[in-house]
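Enquirer: Here is the input, now give the coordinates:
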Amino acid sequence: ETNEIVAIKKFKDSEENEEVKETTLRELKMLRTLKQENIVELKEAFRRRGKLYLVFEYVEKCRKMGSSSFLTLKSFFLSLSFIHADIKPENLLISSDDVLKLCDFGFARDLSEGNDANYTEYVATRWYRSPELLLGAPYGKAVDMWSVGCILGELSDGQPLFPGESEIDQLFTIQKVLGPLPPEQMKLFYSNPRFHGLRVGICFCLSLFLFLSCEQILSHELWISAANLESFFKVYHLKSKNTFHL
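Expert: A predicted model of the protein is given here:
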């Protein structure tokens with residue numbers, strides 16, 4: 001015994017429910033593969049009475065991100081070789097020595113799986129979900145950068161950037177802020193059965209084809225020159241009146 005404080009994640013119905021079982025095994029596989037400072041450490045995995053338990057190092061939830069963690073965030077997302085697909089404040093942790101750590105890999109996918117990988121359709125908490133996820137379109141690493149941007153915006157003033165109350169309201173909230181989108185997004189919207197019978201007056205403009213790469217975003221002058229989150233988003237919101245790109 002080490003008397004070490006740990007966090008234990010219990011998966012309910014991990015044997016009976018195939019969807020839960022798939023998510024559980026995916027997370028376990030990813031955690032055993034990913035070993036780096038900014039990934040919450042998996043210490044042990046065990047079963048008891050048909051339930052799977054994962055034992056992690058104990059890390060506090062993200063309360064406030066200082067300048068050192070902000071710089072860590074930049075370099076961390078440059079190094080990712082996978083799609084997390086569920087980045088949200090609850091999944092960003094800050095250790096006692098100010099190290100940013102990412103957790104919850106149930107929806108994660110290794111980029112080496114390629115474009116033919118069977119990605120999960122319903123991923124990411126709504127407020128941090130990118131338009132292509134909301135529309136049911138194919139997605140890639142850019143969805144994580146979208147979520148990171150939403151979180152950074154929220155950290156700047158404590159308020160969610162796009163607090164939609166439903167999927168359709170989420171799309172409406174996004175386009176109110178960022179303006180019109182190309183026709184490809186409208187086609188996706190009207191072809192998605194979840195939005196059958198609905199009409200949107202303003203077309204969307206956040207096509208995944210317009211996303212900058214992670215490297216381009218993190219090396220952009222607006223990101224580099226931001227002394228802190230507040231100043232970054234003051235500059236970003238001024239620029240976003242005319243263009244989506246950071």
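Enquirer: When you work out contacts or count neighbours from here on, use the C-alpha atoms and nothing else.
Expert: OK.
Enquirer: low pLDDT regions in this structure?
Expert: Within the chain, the segments meeting pLDDT under 70 span 1, 13-16, 61-79, 112-124, 179-183, 185-187, 189-246.
Enquirer: Mind doing that once more with 90?
Expert: 1-4, 9-39, 46-53, 59-126, 129-162, 164-246 (pLDDT under 90).
Enquirer: what about the strands in it?
Expert: With DSSP state E as the criterion, the chain has strands at 6-11, 42-48, 51-57, 60-61, 82-83, 92-94, 100-102, 109-110.
Enquirer: ok, residues contacting the first one?
Expert: Strand 6-11 is contacted by residues V20, T24, K51, L52, Y53, L54, V55, F56, E57, Y58, V59 when judged by Cα atoms under 8 Å, 6 or more residues apart in numbering.
Enquirer: between that strand and strand 42-48, what angle do the directions make?
Expert: Angle, strand 6-11 to strand 42-48, by axes from the mean of the first three to the mean of the last three Cα atoms, to 10 degrees: 40 degrees.
Enquirer: hmm, back to that, can you put the strands of the chain in CSV and add distance to V148 and mean neighbour count?
Expert: CSV is the format used below for the strands of the chain (distance: least, Cα to Cα, whole Å; neighbours: other Cα atoms under 10 Å):
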stretch, distance to V148, mean neighbour count
strand 6-11, 24, 14
strand 42-48, 23, 12
strand 51-57, 23, 17
strand 60-61, 16, 14
strand 82-83, 12, 20
strand 92-94, 10, 22
strand 100-102, 12, 23
strand 109-110, 17, 18
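Enquirer: mind putting the ones you listed in CSV, distance to Q170 included?
Expert: Below are the strands of the chain laid out as CSV (distance: least, Cα to Cα, whole Å):
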stretch, distance to Q170
strand 6-11, 29
strand 42-48, 34
strand 51-57, 33
strand 60-61, 25
strand 82-83, 22
strand 92-94, 22
strand 100-102, 25
strand 109-110, 24
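Enquirer: number of nearby residues for L111?
Expert: L111 is flanked by 14 other residues according to other Cα atoms under 10 Å.
Enquirer: Which residue ranges of the chain form helices?
Expert: Here the chain has its helices, by DSSP state H, at 18-33, 67-79, 131-134, 142-157, 167-178, 183-191, 214-218, 221-225, 229-239.
Enquirer: The residue lying closest to G106 once chain neighbours are set aside and L178: what is the separation?
Expert: Spatial nearest neighbour of G106, excluding adjacent residues (Cα to Cα, 6 or more residues apart in numbering): E27 at 4.5 Å. In this view, E27 and L178 are 34 Å apart by Cα to Cα, to the nearest Å.
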